[in-house]
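Asks: all I have is the shape, not the residue letters:
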(Lines give C-alpha, C1' and ligand atoms only; values in the text may rest on other atoms or scores of the structure.)
Protein backbone atom coordinates (compact mmCIF):
# COMPACT_ATOMS: atom_id res chain seq x y z
CA UNK A 1 0.00 0.00 0.00
CA UNK A 2 2.22 2.82 -1.25
CA UNK A 3 1.48 6.24 0.14
CA UNK A 4 2.34 9.27 -1.96
CA UNK A 5 3.63 12.37 -0.25
CA UNK A 6 2.75 15.84 -1.42
CA UNK A 7 5.22 18.52 -0.32
CA UNK A 8 3.68 21.39 1.59
CA UNK A 9 5.54 24.66 2.06
CA UNK A 10 7.07 24.94 5.54
CA UNK A 11 4.38 22.88 7.26
CA UNK A 12 5.25 19.32 6.29
CA UNK A 13 3.80 16.80 3.83
CA UNK A 14 0.42 15.34 2.95
CA UNK A 15 0.25 11.61 2.20
CA UNK A 16 -2.47 9.80 0.21
CA UNK A 17 -3.07 6.07 0.47
CA UNK A 18 -3.91 4.09 -2.66
CA UNK A 19 -7.34 3.35 -1.17
CA UNK A 20 -8.23 7.03 -0.87
CA UNK A 21 -7.23 7.69 -4.48
CA UNK A 22 -9.06 4.56 -5.66
CA UNK A 23 -12.19 5.69 -3.81
CA UNK A 24 -12.20 9.04 -5.65
CA UNK A 25 -11.63 7.21 -8.94
CA UNK A 26 -14.45 4.75 -8.18
CA UNK A 27 -16.94 7.52 -7.41
CA UNK A 28 -16.03 9.45 -10.56
CA UNK A 29 -16.23 6.35 -12.76
CA UNK A 30 -19.55 5.14 -11.35
CA UNK A 31 -21.12 8.58 -11.84
CA UNK A 32 -20.26 8.57 -15.55
CA UNK A 33 -23.22 8.01 -17.88
CA UNK A 34 -22.97 4.59 -19.51
CA UNK A 35 -20.96 2.91 -16.76
CA UNK A 36 -22.85 -0.04 -15.32
CA UNK A 37 -20.28 -1.05 -12.71
CA UNK A 38 -16.61 -1.57 -12.05
CA UNK A 39 -15.04 -4.84 -13.09
CA UNK A 40 -13.17 -7.12 -10.76
CA UNK A 41 -10.60 -8.75 -12.97
CA UNK A 42 -7.42 -7.45 -11.33
CA UNK A 43 -6.62 -10.43 -9.14
CA UNK A 44 -3.86 -8.67 -7.24
CA UNK A 45 -5.98 -5.62 -6.36
CA UNK A 46 -8.19 -7.30 -3.81
CA UNK A 47 -6.43 -6.30 -0.65
CA UNK A 48 -7.62 -8.00 2.50
CA UNK A 49 -7.91 -5.79 5.53
CA UNK A 50 -7.29 -6.71 9.17
CA UNK A 51 -10.74 -8.29 9.48
CA UNK A 52 -10.03 -10.52 6.46
CA UNK A 53 -12.61 -8.69 4.32
CA UNK A 54 -12.07 -7.88 0.66
CA UNK A 55 -11.81 -4.28 -0.48
CA UNK A 56 -14.82 -2.76 -2.25
CA UNK A 57 -12.40 -1.11 -4.66
CA UNK A 58 -12.00 -4.09 -6.98
CA UNK A 59 -11.20 -3.23 -10.55
CA UNK A 60 -8.96 -0.26 -9.73
CA UNK A 61 -5.17 -0.19 -9.57
CA UNK A 62 -3.32 2.88 -8.34
CA UNK A 63 0.33 3.58 -9.10
CA UNK A 64 2.02 6.52 -7.37
CA UNK A 65 5.45 7.83 -8.28
CA UNK A 66 7.12 11.26 -8.08
CA UNK A 67 3.92 13.08 -7.12
CA UNK A 68 2.05 11.67 -10.13
CA UNK A 69 -0.68 9.07 -10.28
CA UNK A 70 -1.46 6.43 -12.89
CA UNK A 71 -4.74 4.54 -12.67
CA UNK A 72 -6.01 1.32 -14.27
CA UNK A 73 -9.79 0.78 -14.14
CA UNK A 74 -11.87 -2.14 -15.29
CA UNK A 75 -15.42 -1.13 -16.13
CA UNK A 76 -18.64 -2.70 -17.33
CA UNK A 77 -20.50 -0.59 -19.89
CA UNK A 78 -24.30 -0.39 -20.05
CA UNK A 79 -25.66 -1.97 -23.21
CA UNK A 80 -26.47 0.58 -25.91
CA UNK A 81 -23.77 3.12 -25.08
CA UNK A 82 -20.82 3.80 -27.36
CA UNK A 83 -17.85 2.15 -25.68
CA UNK A 84 -15.14 4.62 -26.82
CA UNK A 85 -17.27 7.60 -25.73
CA UNK A 86 -17.97 6.14 -22.29
CA UNK A 87 -14.31 5.18 -21.81
CA UNK A 88 -13.14 8.68 -22.74
CA UNK A 89 -15.70 10.25 -20.36
CA UNK A 90 -14.52 7.97 -17.56
CA UNK A 91 -10.91 8.97 -18.21
CA UNK A 92 -11.77 12.67 -18.08
CA UNK A 93 -14.02 12.37 -15.00
CA UNK A 94 -11.54 10.25 -13.04
CA UNK A 95 -8.59 12.46 -13.95
CA UNK A 96 -10.42 15.66 -12.99
CA UNK A 97 -11.78 14.24 -9.72
CA UNK A 98 -8.49 12.75 -8.52
CA UNK A 99 -6.47 15.85 -9.45
CA UNK A 100 -9.05 18.13 -7.85
CA UNK A 101 -9.26 16.18 -4.60
CA UNK A 102 -5.55 15.41 -4.16
CA UNK A 103 -3.72 18.20 -5.97
CA UNK A 104 -1.48 15.54 -7.55
CA UNK A 105 -1.01 15.20 -11.32
CA UNK A 106 -2.73 12.23 -12.97
CA UNK A 107 -0.44 11.05 -15.75
CA UNK A 108 -2.86 8.47 -17.22
CA UNK A 109 -6.17 6.73 -16.68
CA UNK A 110 -6.16 3.38 -18.47
CA UNK A 111 -9.55 1.83 -19.11
CA UNK A 112 -10.10 -1.89 -19.56
CA UNK A 113 -13.57 -2.85 -20.73
CA UNK A 114 -14.51 -5.80 -18.54
CA UNK A 115 -17.92 -6.36 -20.12
CA UNK A 116 -21.20 -4.96 -21.43
CA UNK A 117 -24.25 -5.29 -19.19
CA UNK A 118 -27.92 -4.94 -19.95
CA UNK A 119 -30.15 -3.00 -17.61
CA UNK A 120 -32.00 -5.09 -15.08
CA UNK A 121 -35.75 -5.71 -15.50
CA UNK A 122 -36.79 -3.02 -12.98
CA UNK A 123 -34.76 -0.37 -14.82
CA UNK A 124 -36.28 -1.38 -18.17
CA UNK A 125 -39.82 -1.21 -16.74
CA UNK A 126 -39.10 2.18 -15.20
CA UNK A 127 -37.72 3.50 -18.50
CA UNK A 128 -40.73 2.16 -20.40
CA UNK A 129 -43.11 3.88 -17.96
CA UNK A 130 -41.28 7.18 -18.39
CA UNK A 131 -41.41 6.86 -22.19
CA UNK A 132 -45.15 6.10 -22.04
CA UNK A 133 -45.73 9.21 -19.89
CA UNK A 134 -43.74 11.34 -22.33
CA UNK A 135 -45.66 9.96 -25.31
CA UNK A 136 -48.99 10.64 -23.56
CA UNK A 137 -47.94 14.24 -22.93
CA UNK A 138 -47.36 14.88 -26.60
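Replies: On my side now, so go ahead. Not measured: the values here are computed from a predicted model.
Asks: doesn't residue 75 lie inside a helix?
Replies: No: the assignment for residue 75, made by DSSP: H, G, I helix; E, B strand; the rest coil, is strand rather than a helix.
Asks: elements contacting the host helix or strand of residue 93?
Replies: For residue 93, the element it lies in under DSSP states H and E is helix 83-102. Counting contacts by 3 or more C-beta pairs under 8 Å, 6 or more residues apart in numbering; DSSP states H and E, helix 83-102 is packed against helix 18-30, strand 68-78, strand 105-117. C-beta here means a position set from N, CA and C on the backbone, and glycine is covered the same way.
Asks: so the last one versus helix 83-102, what angle?
Replies: Going by axes from the mean of the first three to the mean of the last three C-alpha atoms, to 10 degrees, strand 105-117 is angled at 140 degrees with respect to helix 83-102.
Asks: ok, now the second one?
Replies: Relative orientation of strand 68-78 and helix 83-102, computed by the same axes, to 10 degrees: 140 degrees.
Asks: partner strands of strand 68-78, parallel or antiparallel?
Replies: strand 35-38 (antiparallel), strand 60-65 (antiparallel), strand 105-117 (parallel) (DSSP bridges).
Asks: list the buried residues in the helix holding residue 93.
Replies: 86, 87, 89, 90, 91, 93, 94, 95, 97, 98, 101, 102 (16 or more other C-beta atoms under 10 Å).
Asks: cool, and stretch 63-81?
Replies: Buried residues in stretch 63-81, defined by neighbour count with 16+ other C-beta under 10 Å: 63, 64, 69, 71, 72, 73, 74, 75, 76, 77, 78, 81.
Asks: need the contact list for residue 75.
Replies: 29, 35-39, 59, 86-87, 90, 111-114 (C-beta atoms under 8 Å, 6 or more residues apart in numbering).
Asks: and the least confident of those residues?
Replies: Within those, residue 39 has the lowest pLDDT, namely 82.
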